[in-house]
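1. Sequence and predicted model, in that order:
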Amino acid sequence: MQSFRTELENPVVEQDILDLEKKIRLFHNGEIDDDKFRSLRLARGVYGQRQPGVQMIRIKIPYGKLTVRQLNRICDVSDEYSNGKLHITTRQDIQIHYVSLDDSPRLWHELEKDEVTLREACGNTVRNITASELAGIDPAEPFDVTPYAHATFEYFLRNPICQEMGRKFKIAFSSSIEDTAFAFIHDVGAIPVVKTIDGEEKRGFKVLIGGGLGAQPYMAETAYEFLEEEKLIPFTEALIRVFDRYGERNRRMKARMKFLIQDIGKEELLRLAEEEYNSLENKEIWVDRSKVDATEIPQKGAAVEVEIADQAKFDKWSEANVFEQKQKGYYGVLVRLPLGNFDTKTARTLNQIVTDYAADDIRLTIRQGILLKYVQKENLKALFNALDAIGFAEPGYDTTADITACPGTDTCVLGISSSTGVARVLGDLIKVEYPDLLTDDTFKIKISGCPNACGQHTIAQFGIHGSSLRNKENKMLLPAAQILLGGGFDGEGNPNIADKVIKLPSKRIKDAFRAVVDDYDQNAPEGQYFVDYYKAKGKEYFYDLLKHLGDLSTLVPEDYLDWYTEVDKFELHKAVGECAGVIIDLVQTLILEAEEKVGWANEAISKGLYADAVYHTYQAYVSAAKALLLDKKVKLNSHMTVINRFAEHYDEKLQFAEGSFVDHVLRINKNEPTAEFAKTYFEEIKVFLVNVEALRKAALEEA
């Protein structure tokens with residue numbers, strides 16, 4: 001493969017891409033284990049696809065911000081290496097599909113020419129930092145969270161502390177207390193707050209921790225009502241260090257931070273985070289608010305005069321998709337994009353529209369749409385016509401008609417039944433039978449192809465996840481929809497997790513939606529939010545309402561087929577999921593990994609990156625210790641378990657100045673990452689590796 005070294009200015013990025021290319025060759029040659037290779041490529045945005053032999057590439061778009069130039073670059077890459085189609089995710093990423101594994105380094109290299117990365121878009125890492133698309137223009141925001149989201153993205157990208165965690169870690173910034181970025185479902189959620197202290201206004205954040213969705217959703221708990229702005233990133237680092245050390249690593253379904261906070265409690269989690277502050281290089285991080293270039297506001301010129309062919313549609317679009325920014329005289333325009341899907345031809349036309357009428361600051365939204373900023377009121381009609389010509393002026397952004405759905409069985413290895421098919425069916429139903437819901441947000445519909453909640457179904461008023469049922473009479477499988485109700489925000493602005501109400505055949509989803517909507521219309525008090533109506537009636541009421549649709553004695557042949565499927569028989573697709581990576585614990589590679597991390601530590605010391613060197617050294621201790629313990633068949637489920645069990649088995653055989661292996665290793669959070677400590681810690685790991693090799697050799701000889 002052609003070298004990238006002469007084409008990129010950033011040597012770190014160059015080396016990263018070269019490493020991926022090298023590991024692909026080693027994988028093809030059988031010199032690297034499949035599981036280990038999977039872990040490596042996932043951390044570089046290369047994700048296995050349902051269709052064999054091709055990859056999904058996830059492009060990391062921090063807080064969803066793209067320039068025209070960057071979107072054009074993504075279009076070029078999709079046209080050359082994929083099929084010219086783009087998909088916006090609920091984490092403000094862009095995914096492209098059907099990419100050859102061998103093409104992924106070159107594809108990444110092309111993206112980096114315009115500072116677009118794949119790094120840590122997947123895998124057991126800090127995932128894409130999300131934020132309210134309204135950040136910077138939200139009339140309700142205390143201040144713009146964009147610079148803080150960008151600083152957080154930069155700080156944790158390639159940071160040693162979050163490259164090999166037990167599972168993924170998600171961070172979100174909401175622009176106001178309305179929590180439009182769903183901070184309450186994140187490992188760390190930040191909501192801006194301004195507080196007067198000693199007569200001076202101070203910026204800070206309400207910080208939520210430990211939230212998550214998936215098959216077992218959990219509402220985040222409040223860590224701080226007000227944390228000073230300069231303490232946010234250090235606190236997040238401390239929390240990640242605790243998660244990395246104490247988080248579950250064997251039972252994949254229990255390896256998120258939400259389970260750690262449930263196991264040990266919020267107060268203990270915060271205490272452990274406090275213990276980590278000694279090890280932080282930066283106890284305060286003041287974000288340079290000017291580092292993210294301020295959006296260049298388009299100069300006001302003569303209005304573009306146009307005629308509107310469909311006045312009624314324009315009026316609905318203006319009501320549902322357009323709002324005045326906090327910058328008076330300018331408007332934000334939201335694009336409802338069905339299922340987050342569009343193609344490169346349309347994207348390039350959109351780029352020209354942005355150039356003509358808006359700021360060069362395109363925001364992808366967590367609702368799988370697009371926000372255009374700084375549009376002059378006088379140009380709204382011209383913008384509407386231009387967007388309408390490419391199908392981007394459909395009324396109803398973030399309304400009932402704006403259905404969120406993951407790709408499901410279209411491309412995902414974990415998809416059980418079609419999420420996109422159900423979305424199309426409900427979208428058509430709303431358009432024909434419930435046109436008032438096109439501009440009404442009573443029911444937010446969110447759909448996932450499986451229980452893992454990539455479509456965020458557990459926080460929807462009407463949520464669905466793909467499933468299956470078996471008819472006991474003929475033993476045949478059929479596609480099913482698990483219905484969840486009552487999620488999202490209530491009338492007081494409080495978030496709620498939806499209840500699982502009933503599972504029914506997928507082909508009955510339209511009748512289920514009709515039953516719920518009609519019941520609400522006929523029986524709810526005027527103006528009552530659906531979430532409050534659901535709470536008042538209760539889960540059993542809605543189960544009884546839908547129970548008849550779950551009756552399998554009345555099945556017809558079409559119930560055995562999934563929506564819009566090309567196959568004549570429904571079957572479960574069995575595969576190992578990659579959305580959170582896998583746990584890699586091969587004994588024969590652990591000592592080699594430890595030696596590799598020692599090499600990274602040495603390199604970091606040579607560059608004066610002492611905090612990085614200390615963490616690489618710590619990880620080397622854990623990897624080497626784990627190798628010996630696995631030889632003894634000791635069950636290990638976290639870094640702390642490794643450290644404690646190694647002490648139990650080997651403290652009598654090895655001498656440590658601190659008395660115990662536990663105290664020896666955990667000097668990492670008792671010392672600041674100075675040059676002196678980094679070098680001492682580093683020299684001692686080299687001695688430890690020699691001892692580990694000797695112990696393993698002796699054990700093998702005894703065996």
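-> Sure, I can see it. It should be emphasised that the depicted structure is a prediction, and the values quoted were computed from it without experimental measurement.
2. what about the strands in the stretch 251-400 of the chain?
-> Secondary structure of the stretch 251-400 of the chain (DSSP state E, counting those that start in this stretch): strands at 322-324, 330-335, 341-343, 362-364, 370-376.
3. Mind putting these into JSON lines with mean pLDDT, mean neighbour count and distance to Lys316?
-> For glycine as for every other residue, the C-beta is placed from the backbone atoms N, C-alpha and C. Formatted as JSON lines, the strands of the stretch 251-400 of the chain follow (pLDDT from 0 to 100; neighbours: other C-beta atoms under 10 Å; distance: least, C-beta to C-beta, whole Å):
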{"stretch": "strand 322-324", "mean pLDDT": "97", "mean neighbour count": "17", "distance to Lys316": "10"}
{"stretch": "strand 330-335", "mean pLDDT": "97", "mean neighbour count": "22", "distance to Lys316": "13"}
{"stretch": "strand 341-343", "mean pLDDT": "97", "mean neighbour count": "17", "distance to Lys316": "21"}
{"stretch": "strand 362-364", "mean pLDDT": "98", "mean neighbour count": "25", "distance to Lys316": "22"}
{"stretch": "strand 370-376", "mean pLDDT": "97", "mean neighbour count": "23", "distance to Lys316": "17"}
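4. Which one of the ones you listed lies nearest to Gly211?
-> Among the strands of the stretch 251-400 of the chain, the nearest to Gly211 by C-beta to C-beta is strand 362-364 (21.7 Å).
5. about what we covered before: among the strands of the stretch 251-400 of the chain, which comes closest to Gln482?
-> Per C-beta to C-beta, nearest to Gln482 of the strands of the stretch 251-400 of the chain: strand 341-343, 23.7 Å.
6. List of residues touching that closest one?
-> By C-beta atoms under 8 Å, 6 or more residues apart in numbering, the list of residues contacting strand 341-343 from outside reads Gly84, Lys85, Leu86, His87, Ile88, Leu350.
7. One more: stretch 344-356?
-> By C-beta under 8 Å, 6+ apart, stretch 344-356 touches 68, 71-72, 74-75, 78-79, 84-86, 342, 360, 362, 370, 372, 383, 386-387, 389-392.
8. Pull out the buried members of those residues.
-> Among the contacts of stretch 344-356, those scoring as buried are 68, 71-72, 74-75, 78-79, 85-86, 342, 360, 362, 370, 372, 383, 386-387, 390, 392 (criterion: 16 or more other C-beta atoms under 10 Å).
9. Where does pLDDT dip in the stretch 1-150 of the chain?
-> The stretch 1-150 of the chain contains residues with pLDDT under 70 at 1-7.
10. again, only this time at 90
-> 1-11, 15, 19, 23, 26-43, 45, 48-53 (pLDDT under 90).
11. Kindly report the domain assignment for this protein.
-> By the assignment in automatic domain parsing, the chain contains the domains 11-112, 130-279, 311-389, 404-560, 587-702.
12. could I get those as TSV with distance to Leu118?
-> As requested, the domains of the chain are arranged in TSV below (distance: least, C-beta to C-beta, whole Å):
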stretch	distance to Leu118
domain 11-112	3
domain 130-279	11
domain 311-389	16
domain 404-560	17
domain 587-702	21
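13. among the buried ones among the contacts of stretch 344-356, which are in helices?
-> Taking DSSP state H, the ones among these that sit in helices are Val68, Leu71, Asn72, Ile74, Cys75, Ser78, Asp79, Leu383, Ala386, Leu387.
14. Of those, which is the nearest to Arg58?
-> Nearest to Arg58 out of those is Ile74 (C-beta to C-beta; 11.8 Å).
15. I'd like to check which residues are in contact with that closest one.
-> By C-beta under 8 Å, 6+ apart, the neighbours of Ile74 are Ile59, Leu66, Leu86, Ile94, Ile96, Leu111, Val116, Ala347.
16. Can you pull the phi/psi pair for the second one?
-> The reference is to Leu66. Per-residue torsions, Leu66: phi -130, psi 150 (degrees, to the nearest 10).
17. before we move on, what about the fourth one?
-> The phi and psi values for Ile94, taken as degrees, to the nearest 10, are phi -120, psi 130.
18. quick one on the thing from earlier: out of the strands of the stretch 251-400 of the chain, which comes closest to Ala190?
-> Of those, the one closest to Ala190 (C-beta to C-beta) turns out to be strand 362-364, at 17.7 Å.
19. hang on, His639 packs against Glu248?
-> No - between His639 and Glu248 there is no contact under C-beta atoms under 8 Å: 10.5 Å.
20. Which of the two has more residues huddled nearby?
-> Neighbour count, other C-beta atoms under 10 Å: between His639 and Glu248, His639 has more, with 25 against 21.
21. Nearest residue to that one in space, ignoring adjacent ones along the chain?
-> Leaving aside its chain neighbours, His639 sits nearest to Arg245 (4.4 Å; criterion: C-beta to C-beta, 6 or more residues apart in numbering).
22. coming back round to it: output the strands of the stretch 251-400 of the chain in TSV; the columns should cover distance to Asp511.
-> Output for the strands of the stretch 251-400 of the chain, formatted as TSV (distance: least, C-beta to C-beta, whole Å):
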stretch	distance to Asp511
strand 322-324	35
strand 330-335	31
strand 341-343	27
strand 362-364	34
strand 370-376	33
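23. Tell me which of these lies nearest to Tyr541.
-> If you check each of these against Tyr541 by C-beta to C-beta, strand 330-335 wins as the nearest, at 34.5 Å.
24. How about residues contacting that closest one?
-> Contact with strand 330-335 is made by 133-134, 137, 297, 321-325, 358, 365, 369-377, 380, 383, 387, 392-393, 397-398, as judged by C-beta under 8 Å, 6+ apart.
25. repeat that for 7 Å
-> With contacts defined as C-beta atoms under 7 Å, 6 or more residues apart in numbering, strand 330-335 is touched by 134, 137, 321-325, 369-377, 380, 383, 387, 392, 397.
26. cool, and stretch 506-522?
-> 417, 422, 425-426, 429, 434, 443, 462, 479-481, 483, 485, 504, 530, 533, 542, 545-546, 549, 558-559, 562-563.
27. Kindly recompute the last result at 6 Å.
-> Stretch 506-522 is contacted from outside by 417, 422, 426, 429, 479-481, 483, 530, 533, 545-546, 549, 558-559, using C-beta atoms under 6 Å, 6 or more residues apart in numbering.
28. And stretch 253-273, by the same measure?
-> 166-167, 187, 210, 212, 218, 221, 238-239, 242-243, 247-248.
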